[in-house]
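Asks: heads up, no residue letters with this:
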């Protein structure tokens, strides 16, 4: 049961082979058994989950079910969900019970999906290993001594360990795609503006975007159908016709023009990862795709640009945590200023503080033009790189991350080395394009462990349906996405 | 651009983050590394390039001027660190 597709599960629910309560209980049992070690979830509340499952069973009985009604999924703890503790991986929000639902949560609730709980994440989504969470590290199910990636590391580990049928993530610089790559699953960051940011705790508002994490592209298409759509409460939400992201699944790939950016296959890419990605490209050639070389010359600049824009926006967004209306307040303080400073110093972890300081610095008097404005200008150059590449191809393929999962602690003390994890993903956020990672095989690392490798698929704006079909076609001729880690049966 | 610990303390104050002497020193090392990374931008000639804040050509939406929020004072204050008689409590700011 834990390996069935969402479509298959929906069929079982519709055919009364199983109830949503039984399915939810099965996952809750697995969570009780495996989560104490894997630590994929911060909050599990069986009563809330089972109440949703009972309501879903009622809808199924009434013939009022949609494709996700009764399906148990996990929500990244960045989404406010009414009545659920919503921590964003931070001590700052340790006692925060969300008083309202995020736009994405509302949509899943309306679809009748069941929430199994809130998944672990890097604090305020700032990290690439899940090690900055106040709620402890998450284990990579493929090798428990390694990180699952981040920031949506809990969601990735939960999907990989079959502790949910699918999950949500958010991606500001690679936070869906990199953990999907490191944990051997599929993850999609949609075009900026497709999924509502309302009630999704803000990190860098001009880059943050929610998306699905699941085993297959078909599962992700079903998730996309539910989680995207206009929301007037999000000022950057795009007003567009509702799309069916399953519409292209099954179309042949003959004639598809696939671009390989030469900068993505240069120095810095692990050779084991390169081999897997090249084999995947070969598979696309067999499927009828035409392979062309493209260039994204400003790729290397995406990291400095990101580490100006994201911290600048974060320093502004995180100024709301002042210990007054919600969140952590220091126990002792001299006056109001002291209360602010101590509450924030105690409530935020080291990486979050570093980014607030960087952001405050680049926005401080006299530096705006040299940093924020300059970064926004280079951001346009990066977006123009992609526009030129998409004149020559329909989709871009490359690695998602430069390496496979690394050992916990290996990069924890070296922020710059951690930031380079996102070298192939960040430019996609800066340009606002959709990007996805799908499992493409395994690379054997020095200690003999075989670890999953993700293939990144980058599409033009609003081309998610084509990307999902390209992934789906690959998943019809490969079985990497069905592989299961040992020790979780 | 090189920072010293006094800069770190000044920025920390602007960000309303309490920072001890030892923390300021440790933070200085890490921040300098990150700023070194950021400096790579300065080599790029960006004369005449329009800054980009959103990938789509969108304008700010306007909405009708009508009340959309309901009164949820009790719910919203139930998660506050300190309230009294429907008011948020903070240390005295006016003598």
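Replies: Done, it's in. Quantities reported herein were computed from a predicted structural model and do not represent experimental measurements. Numbering: from 1, shown residues only, chains lettered A, B, ... in the order given.

Asks: so which residue is dead centre in the chain?
Replies: The chain I'm using is chain A. Centroid-nearest residue in chain A, with C-alpha atoms, centre = their mean: residue A:176, separated by 2.1 Å.

Asks: wrong one, I was asking about chain B
Replies: Among the residues of chain B, the one closest to the centroid is residue B:15, at 6.8 Å (C-alpha atoms, centre = their mean).

Asks: OK, contacts around that residue?
Replies: A:315, A:319, A:344, A:356-357, A:359-360 (C-beta atoms under 8 Å, 6 or more residues apart in numbering or on different chains). Where C-beta positions appear, they are placed from N, C-alpha and C, glycine not excepted.

Asks: who are the packing partners of the lowest-mean-pLDDT helix or strand in chain B?
Replies: The least trusted helix or strand in chain B, going by mean pLDDT, DSSP states H and E, turns out to be helix B:21-38, with a mean of 91. Helices and strands touching helix B:21-38, by 3 or more C-beta pairs under 8 Å, 6 or more residues apart in numbering or on different chains; DSSP states H and E, are helix A:302-317, helix A:350-363, helix A:415-419, helix B:5-14.

Asks: around chain B, which positions in the stretch 351-489 of chain A sit nearby?
Replies: Within the stretch 351-489 of chain A, the positions adjacent to chain B are A:353-354, A:356-362, A:364, A:370-371, A:373-381, A:383, A:415-416, A:419, A:431-433, A:461 by C-beta under 8 Å from any C-beta of the partner chain.

Asks: may I see the PyMOL selection of the buried members of those?
Replies: In PyMOL, selecting the buried portion of those, with burial taken from 16 or more other C-beta atoms under 10 Å in any protein chain shown, looks like this:
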select buried, chain A and resi 353+354+356+357+358+359+360+361+362+364+370+371+374+375+376+377+378+379+380+381+383+415+419+431+432+433+461
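
Asks: Serialize the contacts of residue B:15 to JSON lines and add fields for distance to residue B:8 and pLDDT.
Replies: Formatted as JSON lines, the contacts of residue B:15 follow (distance: C-beta to C-beta, whole Å; pLDDT from 0 to 100):
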{"residue": "A:315", "distance to residue B:8": "14", "pLDDT": "98"}
{"residue": "A:319", "distance to residue B:8": "18", "pLDDT": "98"}
{"residue": "A:344", "distance to residue B:8": "15", "pLDDT": "98"}
{"residue": "A:356", "distance to residue B:8": "12", "pLDDT": "97"}
{"residue": "A:357", "distance to residue B:8": "7", "pLDDT": "97"}
{"residue": "A:359", "distance to residue B:8": "14", "pLDDT": "97"}
{"residue": "A:360", "distance to residue B:8": "11", "pLDDT": "97"}
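
Asks: in chain A, what residue comes closest to chain B?
Replies: residue A:432 (2.6 Å; C-beta to the nearest C-beta).

Asks: and the closest residue to that residue other than its chain neighbours, how far is that from residue B:79?
Replies: The shortest distance from residue A:432 to any non-neighbouring residue, by C-beta to C-beta, 6 or more residues apart in numbering or on different chains, is to residue B:55 (2.6 Å). Taking C-beta to C-beta, to the nearest Å as the measure, residue B:55 and residue B:79 are separated by 35 Å.

Asks: compare those two (neighbour count), which wins?
Replies: Neighbour comparison, residue B:55 and residue B:79: the larger count goes to residue B:55, with 21 against 16 (by other C-beta atoms under 10 Å in any protein chain shown).

Asks: tell me who's in contact with the more buried one.
Replies: Residue B:55 sits next to A:191-193, A:383, A:431-433, A:461 when contact means C-beta under 8 Å, 6+ apart.

Asks: repeat the analysis, applying 10 Å as the threshold.
Replies: Applying C-beta atoms under 10 Å, 6 or more residues apart in numbering or on different chains to residue B:55 gives the contacts A:191-193, A:206, A:236, A:379-380, A:383, A:386, A:429-433, A:461.

Asks: what's the answer for residue A:100, then?
Replies: A:80-83, A:106, A:198-199, B:72, B:75-76.

Asks: now neighbour count, secondary structure and distance to residue A:141 too, for the residues you listed, in CSV please.
Replies: Below are those laid out as CSV (neighbours: other C-beta atoms under 10 Å in any protein chain shown; DSSP: H, G, I helix; E, B strand; the rest coil; distance: C-beta to C-beta, whole Å):
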residue, neighbour count, secondary structure, distance to residue A:141
A:80, 24, coil, 28
A:81, 26, coil, 24
A:82, 16, coil, 30
A:83, 12, coil, 29
A:106, 18, helix, 30
A:198, 20, coil, 32
A:199, 23, coil, 29
B:72, 11, coil, 40
B:75, 13, helix, 38
B:76, 15, helix, 39
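
Asks: mind checking the SS state of the residue of chain B found nearest chain A?
Replies: Per C-beta to the nearest C-beta, residue B:55 is where chain B lies closest to chain A, at 2.6 Å. Three-state assignment for residue B:55 (DSSP: H, G, I helix; E, B strand; the rest coil): coil.

Asks: look at it and report its pLDDT.
Replies: At residue B:55, the predicted lDDT confidence score is 82.

Asks: would you check how far apart the closest residue to residue A:231 other than its chain neighbours and residue A:242 are?
Replies: Of all residues not flanking residue A:231 in the chain, residue A:196 sits nearest, at 3.5 Å (C-beta to C-beta, 6+ apart). Distance from residue A:196 to residue A:242, counting by C-beta to C-beta: 13 Å.

Asks: residue A:230 now?
Replies: Residue A:230 sits 9 Å away from residue A:242, going by C-beta to C-beta.

Asks: neighbour count: these two, which is higher?
Replies: The neighbour count for residue A:230 versus residue A:242, taken as other C-beta under 10 Å, is higher for residue A:230 (15 against 8).

Asks: wait, residue A:300 sits on residue A:306?
Replies: No. In this structure residue A:300 lies outside contact range of residue A:306 using C-beta atoms under 10 Å: 11.5 Å.

Asks: what do the two both touch?
Replies: Joint contacts of residue A:300 and residue A:306 (C-beta under 10 Å, 6+ apart) are A:423, A:427.

Asks: neighbour-wise, which of the two wins?
Replies: Ranked by neighbour count (other C-beta under 10 Å), residue A:300 and residue A:306 place residue A:306 first, with 28 against 14.

Asks: would you check that that one makes contact with residue A:427?
Replies: Yes. Between residue A:306 and residue A:427 there is a contact at 8.5 Å, judged by C-beta under 10 Å.

Asks: touching both of those two, which residues are there?
Replies: Common contact partners of residue A:306 and residue A:427 (C-beta under 10 Å, 6+ apart): A:173-174, A:379, A:382.

Asks: farthest-apart pair in these, please.
Replies: Using C-beta to C-beta, those reach their maximum pairwise distance at A:174 and A:379, which is 15.9 Å.

Asks: how many neighbours does residue B:37 have?
Replies: Residue B:37: 18 surrounding residues under other C-beta under 10 Å.
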